[in-house]
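Undergrad: missing the sequence, but the structure's below:
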């Protein structure tokens, strides 16, 4: 005879009995139950009691255990939902990201640690590069500009002398304060300026030869010591068309090559002495200009829309007076599809969990003189992810890819009281591509396939970490990367 509201309140109170307990986050909707559990402490009698009581709640009562009293005035609901905010005053509101006030903490660096800045140490060991370690320091609210600036420093060193030191900075140009009692900001991710610089000494770069017929058994290695700096800027609505995006940039890099440290394969200069001599102690300066039409609702994690565009990377300043460059054409489309573990497109929520299907294609063609390490390539973390980085290299390349992205933990989980993983998902990808000596030869080149699966961890809409495992012909590759491949 008790009302459903009383039972929901009872369940909610039971969930708060202990700070450390076995917590169930569940959803019952039209007799379909989706649940996940998070282990926090060993079982005790009271944990058993709480577990039994809340399991009954999960079985018989609705998801409103957490959603009850979650109105539009709240910054975040108990299950991680962010109630929708009013964007009527924004042009193309679907392209603006809302950042709640609780994700913009103020105060000293001690107060912001693990909220807007992170220090991540790491260690690793590999036979050819030795034992190493480093640290990645990132601040997503650099200089406390209300999330308008990002900065990162990345340092690593190994016992064999492999090194990596780099710094990056980025500022989003368009940002507006959100009105109302909830606070927060709106950010347009399409308009930004960025700078980066660094030094990297890699002992085990691979080279398999030029062309689509390069063999796995033809693998060689070389040492690549590179210093670089550069910057770029991207803007939309410059031509009074909001879907038109222009990108410009400039960079410079210097490479010194040496004997490779991969013990199981020969060094590159033994098999390709001419290529190595031409590319050693080489300085190159790049300029970049790109123009595209882009209707996607996000550049970092789109759910719908399409894009097509072209870019030219020209290197007018090179060692020995050489000149050359690369022209690129890219395009793709994204569709939102019905969710497997959730329902898509809740208009009452910011960034609801949305499954999607994406297709992508790109073509690159070089002109003039370029060192081998600057030519179009396939393999690695972006193109043909089932192959070793730079597995296929030549003067032209093409790639076609499709990816099915879905969220199996659509409400994520809490790490601390202030840090939450928004959602966890996966993707299945299929790719094909090839390289050739010229653009006209691409149609006759040998197609290389790649398939794989990826685990995705989303901290927010524009912050996706992916763990890709891909497989190609006689090759596999594992990648940990920030941001989507396309």
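TA: Right, received. Where do you want to start? In this text, all values refer to a predicted model and were calculated from it rather than measured experimentally. Numbers count the residues shown, from 1 in each chain.

Undergrad: all contacts plus neighbour counts: C-alpha atoms, from now on.
TA: Noted.

Undergrad: run through the strands of the stretch 151-300 of the chain in chain order.
TA: For the stretch 151-300 of the chain, applying DSSP state E, counting those that start in this stretch gives strands covering 163-172, 175-177, 185-188, 192-207, 220-236, 244-259, 282-294.

Undergrad: out of those strands, which is closest to residue 438?
TA: Comparison of the strands of the stretch 151-300 of the chain against residue 438 by Cα to Cα identifies strand 192-207 as nearest, at 19.4 Å.

Undergrad: in its sheet, what does that closest one sit against?
TA: strand 163-172 (antiparallel), strand 220-236 (antiparallel) (DSSP bridges).

Undergrad: dump these to a markdown table, plus distance to residue 380 and mean neighbour count.
TA: Output for the strands paired with strand 192-207, formatted as a markdown table (distance: least, Cα to Cα, whole Å; neighbours: other Cα atoms under 10 Å):
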| stretch | distance to residue 380 | mean neighbour count |
| --- | --- | --- |
| strand 163-172 | 18 | 19 |
| strand 220-236 | 16 | 20 |
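
Undergrad: closest one to residue 459 among the ones you listed?
TA: strand 163-172 (18.5 Å).

Undergrad: check the offset of that closest one from the chain's centre.
TA: Computed by Cα atoms, centre = their mean, to the nearest Å, the chain-centroid distance of strand 163-172 equals 15 Å.

Undergrad: hang on, the earlier thing: next, format the strands of the stretch 151-300 of the chain as CSV and append mean pLDDT.
TA: Listed next are the strands of the stretch 151-300 of the chain as CSV, based on pLDDT from 0 to 100:
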stretch, mean pLDDT
strand 163-172, 97
strand 175-177, 93
strand 185-188, 94
strand 192-207, 97
strand 220-236, 97
strand 244-259, 97
strand 282-294, 97
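
Undergrad: quick one, which of these is nearest to residue 93?
TA: Closest of those to residue 93 is strand 185-188, at 9.4 Å (criterion: Cα to Cα).

Undergrad: gap between the closest residue to residue 420 other than its chain neighbours and residue 103?
TA: Spatially, and ignoring its direct neighbours in sequence, residue 420 is nearest to residue 414 (4.3 Å; Cα to Cα, 6 or more residues apart in numbering). Distance, residue 414 to residue 103, using Cα to Cα, to the nearest Å: 14 Å.

Undergrad: next: residue 255.
TA: With Cα to Cα as the criterion, residue 255 and residue 103 are 41 Å apart.

Undergrad: ok, residue 184 next?
TA: Counting by Cα to Cα, the gap from residue 184 to residue 103 is 8 Å.

Undergrad: and residue 464, by the same measure?
TA: 16 Å.

Undergrad: do residue 248 as well
TA: Noted for residue 248: a distance of 31 Å to residue 103, by Cα to Cα.

Undergrad: again with residue 128
TA: From residue 128 over to residue 103 (counting by Cα to Cα), the distance is 42 Å.

Undergrad: can you check residue 481 too?
TA: 23 Å.
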